[in-house]
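# sequence and predicted structure below; questions after.
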Amino acid sequence: MSAAAIPGTPPASASGVAVNPWVIAILVALASFMEVLDTTIANVALPYIAGGMGVSEDEASWVVTTYLVSNAIILTASSFLARMLGRKRFFLICLGGFTLSSLLCGFAPNLDVLLLCRMLQGFAGGGMVPVAQSILADAFPPAKRGQAFAVFGIAVVVAPVVGPTLGGWLSDNISWQWCFLINVPVGVIATALIAFVLAETPKAEAVVRFDLVGFLLIATFLGALEVVLDRGLEDDWFGSPFIVAFAAICALAFALMIPWCLARRNPIIDLRMVATRQFGACFLVMLETGAILLATTQFLPQLVQQDFGYTATWAGLVLSPGGVVTMLMMFVVGRAAAKVQPKYLIIAGAVICALSMYSMTNVYGDLGFWFMARSRMLLGLALPLIFVPIMAASYDGIPPSKTDQASALINAARNTGGSIGVSVVSNVLTHREQFHQSRLVEQVLPSSPQYQDTLQQITSFFAGHGSSSAQAHDQAIQWIGQQVQTQASYLAYVDAFWVLTLVSLAAVPLALMLRTIKLGGAVHVGH
């Protein structure tokens, strides 16, 4: 047994010197923070990327899609690769590849090269997060693993929040290339320090034969699903032959994947785990958490930029107070997780999350910065109450040989849930805005006294500011049309936040399904 596996014994570094496990926790959390940060840092930079590359913003959005697709695909193989190469070696390969591909993204001469580099970045980064969880569980005694996972949770929960803020500031003040180049110095330092402080982990004595067919089926299913979800709205869903083809590929891969994985003794992913009450409930809760986290992270900045006139920097800053609350709450929940059953913490988090989403159903044009920020702070209070206990509950009852798979599945749930959430909210916004606009237009009757009175007042306003009578009249009509469109947009966001409120509350019955676990117990880690 290694020193890291003995409770209370500091793990030895590569040089043989005992290392404080918190040093390991901070380093692997920093590396994971970078990887998760890149899921959202480019979101607000897409207009800059499109302008710099001479392409449409629709084409530039593939910069986000390719990263998510490759990230989801590699998660399924991370368990096998970590066992085959050893956790430290695999983690360093992933971190080095992520750093190098980030450098290449920053210097990409055109969109095709940028998309290829983003794909490599997603492949390299996707293996880091699940392996980081295993490294932390090895480095800490059982009683302190909740706090260790709280530090790690800061990386995967706060990073998507920081992403738009940092990406917006870099794009506004330096250049969009620095959204990727910023990873390089951090990655180089983290790689060197992790190589020094992390003890060598042995390769598996008998590596199970890689399930290549299973991997290809799951990779095809997840990749096609990500493309359908991320590109469906832009390409008119099933009105597009491209989306129809990928949907068919996704369905076929899924239909073949289930019997193949169930029939294998050592499948690439053990689908039987998802069918269990404990792990299956955790998997679904993580899907919902990913949906809420990424959907709100993408659409709240979009709301304030589109309807409130915020810059990219200020749109990102709306999320920042929530990120601070999340960081503080991670440590609080890390301690509470050792004393309170996970299901009760998850229920509390889901209810608070629902209240945050419900507060946003009151959105209207006179709201200020702090209304949005307070709603995000409430969400920042809720997310740690869900994320930290889910990690403890999902490992409960999983044999040591399956914990790497469990970690990969939970992280795949977060990524896939995020894509589903973004797709659902995009569709709600698009279709409900069209619905509300058609209903509002029905009420804007030129013959009505209210319309004529408003038209006269706005015409007088523009005339008073130097416009001719004809110009003022046209400007007044345009202003009324803009107000109708803006109100339709507000109402569509109200509907979207109602959907997210229901998604939040759906986690409550799932949490009630979780069994009581032994608090402070070991989180098993596969070797």
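Yep, that arrived. Quick caveat: nothing in here was measured; it's all calculated off a predicted structure. Residues are numbered from 1 along each chain as shown.

# pretty sure residue 296 contacts residue 379?
Yes: judged on C-beta atoms under 8 Å, residue 296 makes contact with residue 379 at a distance of 6.5 Å. In this view, the C-beta of every residue, glycine as well, is placed from N, C-alpha and C.

# between the two, what contacts are shared?
Counting by C-beta atoms under 8 Å, 6 or more residues apart in numbering, the contacts common to residue 296 and residue 379 are residue 357.

# next up, the contacts around residue 77.
Taking C-beta under 8 Å, 6+ apart as the test, what residue 77 contacts is 127, 210, 215, 219, 268.

# tally of neighbours for the spatially closest residue to residue 412 that is not a sequence neighbour?
Take residue 412 and drop its neighbours on the chain: the residue closest to it by C-beta to C-beta, 6 or more residues apart in numbering is residue 75, 4.6 Å away. For residue 75, the count of nearby residues is 27 (other C-beta atoms under 10 Å).

# and after the helix or strand residue 75 falls within, which helix or strand comes next?
Per DSSP states H and E, residue 75 falls inside helix 62-85. Going down the chain from helix 62-85, the next helix or strand is helix 87-106, by DSSP H and E.

# and that next one, what does it pack onto?
Secondary-structure packing of helix 87-106 (3 or more C-beta pairs under 8 Å, 6 or more residues apart in numbering; DSSP states H and E): helix 21-37, helix 62-85, helix 111-126, helix 128-139, helix 178-181, helix 183-197.

# repeat that for 6 Å
Secondary-structure packing of helix 87-106 (3 or more C-beta pairs under 6 Å, 6 or more residues apart in numbering; DSSP states H and E): helix 111-126, helix 128-139, helix 178-181, helix 183-197.

# and residue 410, which of the three is it?
helix (DSSP: H, G, I helix; E, B strand; the rest coil).

# isn't there a strand covering residue 445?
No: using three-state DSSP, the assignment for residue 445 is coil, not a strand.

# tell me the pLDDT of residue 5.
At residue 5, the model reports a pLDDT of 41.

# oh, that last question was meant for residue 117, not what I typed.
pLDDT, residue 117: 90.

# which residues touch it?
Listed by C-beta atoms under 6 Å, 6 or more residues apart in numbering, the contact partners of residue 117 are 101, 104, 105, 108.

# residue 211 now?
267, 268.

# quick one, phi psi at residue 318?
phi -60, psi -30 (degrees, to the nearest 10).

# check which helix or strand covers the nearest residue to it once chain neighbours are set aside.
Of all residues not flanking residue 318 in the chain, residue 372 sits nearest, at 4.8 Å (C-beta to C-beta, 6+ apart). Element membership of residue 372, judged by DSSP H and E, is helix 369-395.

# report the mean per-residue pLDDT for that helix.
pLDDT averaged over helix 369-395 gives 85.

# and stretch 502-511, by the same measure?
The average pLDDT for stretch 502-511 rounds to 92.

# same deal with stretch 424-431?
For stretch 424-431, the per-residue pLDDT averages 84.

# with just CA atoms, put it into PDB.
Extracted in PDB, the C-alpha atoms of stretch 424-431 (Å, rounded to 0.1, in the frame of the first residue of the first chain):
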ATOM      1  CA  VAL A 424     -33.300  23.700 -24.500                       C
ATOM      2  CA  VAL A 425     -33.000  27.400 -23.400                       C
ATOM      3  CA  SER A 426     -32.000  28.500 -26.900                       C
ATOM      4  CA  ASN A 427     -35.100  26.900 -28.300                       C
ATOM      5  CA  VAL A 428     -37.300  28.300 -25.600                       C
ATOM      6  CA  LEU A 429     -35.900  31.800 -26.200                       C
ATOM      7  CA  THR A 430     -36.300  31.600 -30.000                       C
ATOM      8  CA  HIS A 431     -39.800  30.100 -30.100                       C
END
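
# now do the buried residues in stretch 99-107.
For stretch 99-107, burial by neighbour count (16 or more other C-beta atoms under 10 Å) applies to 99, 100, 101, 102, 103, 104, 105, 106.

# let me know the pLDDT of the first one.
Just to be clear, that refers to residue 99. 92.

# same question for the last one.
Residue 106 is assigned a pLDDT of 88 by the prediction.

# once you drop chain neighbours, what's closest to residue 139?
residue 21 (4.1 Å).

# do you know how far the one you found is from residue 329?
Using C-beta to C-beta, to the nearest Å, residue 21 is found at 22 Å from residue 329.

# that'll do, ta.
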